[in-house]
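Colleague: take this sequence and fold it.
(2 chains)
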Amino acid sequence: MTEAKNYMYKPWWKITGVLLLIYTFTAGLLLKVPALPALQETIRNLYFHVCMWFAMMILFTISVVNAIKYLRTLNIKYDIYARQFSIMGIVFGILGYITGAIWASYTWADPNKPAYSSFSSIARDPKLIGAAIALLVYFAYLILRDSIQDMDKRARVSAVYNIFAYTMLFPAIWILPRILPSLHPGNEGNPALDVKNDISGNMRMVFYPAVIGWTLLGVWITTLKIRIALLKEKKMMS
Amino acid sequence: MIRFFKNCIMLVFMMLSTLATFAQEKEVEMADTMRSNGRIYVVVAVMLTILFGLILYIVRLDKKISKLEKEN
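Modeller: The predicted structure is shown next:
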């Protein structure tokens, strides 16, 4: 247990994450928000829906860093890290997609028609398609991984693919939505939303802690999965 | 262990510093908190309960895995 005494076993960041989430859930629902037409109280979804995407981006970044670390050291440990972080990133991405779909069906839809009849115009939104492409590229990562039997080959091929998948994120969710018109907030400048100008100071006070809280929760769950995977690996080796 | 407590104290301090900023816009408190403001507090209570339930589950999982690691 000497080398195992790393950040995964320290409780302080887990406590921070939980406290920040408690703060998000209370302050996020109780604090005053700007009253805007169409959005109304749904503006509070910012603390949940947007944070999913932020957490996804951070988890994918950790994943690609570990993939590069694997290629540099060929230590199978980093391959396990990269895999688990990308899975958690996908989970957050799916949650972000679902929450976005619910939010959009109440704020973008034509109020005079039933929600499903506006579906075709909403589904064509370039930001949604970009996010879908990004997630599909990561699904392919998992499929690719599990289709290779040899452990070292699997680790090497998937580490290289991980770098490719990460670079695909940039055209899919950062560049493409900037070029095309979209219903999604933040058309000029930041593709998802301009944190400095679109969010009032009052909301930023909850938004930043919320991003950190959700990310820490994601990292916590990932470390649990990593620890199980490491145990499994140890058993296989002995 | 001392470092852990140090971190905890720092954390509490950080949380308090954010509290101070949003205490400024607090109105006069009424006795019926759970009924006021369109009963939004009930929603907060429900959501916090779910959050606590999930966190408790993860904490237990964490402990179980730690036990497994010690056995190996």
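
Colleague: doesn't residue A:215 make contact with residue A:58?
Modeller: Yes. With contacts counted by C-beta atoms under 8 Å, residue A:58 reaches residue A:215, the gap being 5.1 Å. All C-beta atoms are positioned from the backbone trio N, CA, C, and that covers glycine.

Colleague: what's the burial count for the residue in chain B positioned nearest to chain A?
Modeller: Closest to chain A within chain B is residue B:7: 4.1 Å, counting by C-beta to the nearest C-beta. A count of nearby residues for residue B:7, using other C-beta atoms under 10 Å in any protein chain shown, gives 16.

Colleague: surely residue B:72 is in contact with residue A:232?
Modeller: No. At 10.5 Å, residue B:72 and residue A:232 do not qualify as touching, with contact defined as C-beta under 8 Å.

Colleague: nearest spatial neighbour of residue A:126, chain-adjacent residues omitted?
Modeller: residue A:180 (3.9 Å; C-beta to C-beta, 6 or more residues apart in numbering or on different chains).

Colleague: isn't the one you found up against residue A:124?
Modeller: No. If you go by C-beta under 8 Å, residue A:180 and residue A:124 don't touch, sitting 10.2 Å apart.

Colleague: got a list of what residue A:34 touches?
Modeller: Going by C-beta atoms under 8 Å, 6 or more residues apart in numbering or on different chains, residue A:34 touches A:43, A:200, A:202-203.

Colleague: over to residue A:131?
Modeller: Counting by C-beta under 8 Å, 6+ apart, residue A:131 has contacts A:53, A:93, A:96-97, A:100, A:172-173.

Colleague: relative to residue A:79, which of those is nearest.
Modeller: residue A:93 (21.0 Å; C-beta to C-beta).

Colleague: can you count the residues close to residue 48?
Modeller: No chain in the question, so chain A it is. Residue A:48, neighbours per other C-beta under 10 Å, totals 17.

Colleague: let's do chain B instead
Modeller: 15.
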